[in-house]
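>>> Sequence first, then the predicted structure:
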Amino acid sequence: GAGVSQSPRYKVAKRGQDVALRCDPISGHVSLFWYQQALGQGPEFLTYFQNEAQLDKSGLPSDRFFAERPEGSVSTLKIQRTQQEDSAVYLCASSPTGVNQPQHFGDGTRLSIL
Amino acid sequence: KQEVTQIPAALSVPEGENLVLNCSFTDSAIYNLQWFRQDPGKGLTSLLLIQSSQREQTSGRLNASLDKSSGRSTLYIAASQPGDSATYLCAVRSINTGGFKTIFGAGTRLFVKA
C-alpha cells in the first residue's frame, strides 16, 4: 500500500488477555518504530527495528511487551496479560533507512483494556 | 537524558493570524528535528524535517527554524486557516541514544476560529 497500515484500528480486551497488534510498513522501508501514545500526550518510543534486527527495545515498559519483525517487513507488537494501564494508542512508523530520513506514521491501534 | 518541551500547550487564534509554536530540547547532540501534525483519531503527518546542520526548512505557509546551540525550534504558520486546527508535535532524534530513539514533546493543540 501507499502508507503505513495498522490493524486492528480498535481493540477491546479484558484484563489478563493477550493481544497482538500488526503493522505493515511502507514497502522497502528498512526502519520500523513502535510508539505508545497516552491521551493528551506525545508518543513515547517503545522499540526500533532495522530490517529484522531489533536494535533498541529500551522503551518497552515491561517484559509483558514483545515485538518482532521476522522477515524484515510486517511487525507485530504483542502484549501479554494485559493490564488497564496498557490502554493507549499504539503507533507504528517506518522510514527508508538511516537516521536522517523522515518517519511516516500509521493511524494507530486504539487499545482499551477493561 | 533528552527532554522535549512544547509551549504553549494550547492556542486559539482567529483565522488569518500568523503564529509561532515553540519547541525546546535539553540535549543539543541531535541528528534532526521533525515537526508533525496530528488530527483527532489519526496518526502523525510529517510537516518538516530539519537536519542538525540546517537552520530552517520551508513548506508552503510553514517555516521551521532550528537553533541547536540553544536547544530551540520554532514552527511558524502564516495566514492561519481553520483547516490548520490540529495538534502539532515536535520530535528529536538524539545522537546519544544512537539515533534510534525519537523523543516527542507533548504537543501544542491549535484551534483556528473562522
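Cool, got the structure.
>>> Next, the contact list for A:Ala2, please.
Counting by CB atoms under 8 Å, 6 or more residues apart in numbering or on different chains, A:Ala2 makes contact with A:Ile26. C-beta here means a position set from N, CA and C on the backbone, and glycine is covered the same way.
>>> Am I right that it falls within a helix?
No: using DSSP: H, G, I helix; E, B strand; the rest coil, the assignment for A:Ala2 is coil, not a helix.
>>> now the helices for chain B?
Counting by DSSP state H, chain B forms no helices at all.
>>> where does chain A come near chain B, residue by residue?
A:4, A:6, A:33, A:35, A:40-45, A:48, A:55-56, A:58-59, A:91, A:93, A:99-100, A:102-108, A:110 (CB under 8 Å from any CB of the partner chain).
>>> what's in contact with stretch B:40-52?
With contact meaning CB under 8 Å, 6+ apart, stretch B:40-52 is reached by A:4, A:6, A:43, A:91, A:93, A:100, A:102-108, A:110, B:30-39, B:56-59, B:62, B:64-66, B:68, B:73, B:75, B:88-89.
>>> how far is that stretch from where the chain is centred?
Stretch B:40-52 sits 8 Å away from the centroid of its parent chain (CA atoms, centre = their mean, to the nearest Å).
>>> tell me which residues in that stretch are buried?
For stretch B:40-52, burial by neighbour count (16 or more other CB atoms under 10 Å in any protein chain shown) applies to B:43-44, B:46-50, B:52.
>>> what does stretch A:28-37 give?
By neighbour count with 16+ other CB under 10 Å, stretch A:28-37 contains the buried residues A:29, A:31-37.
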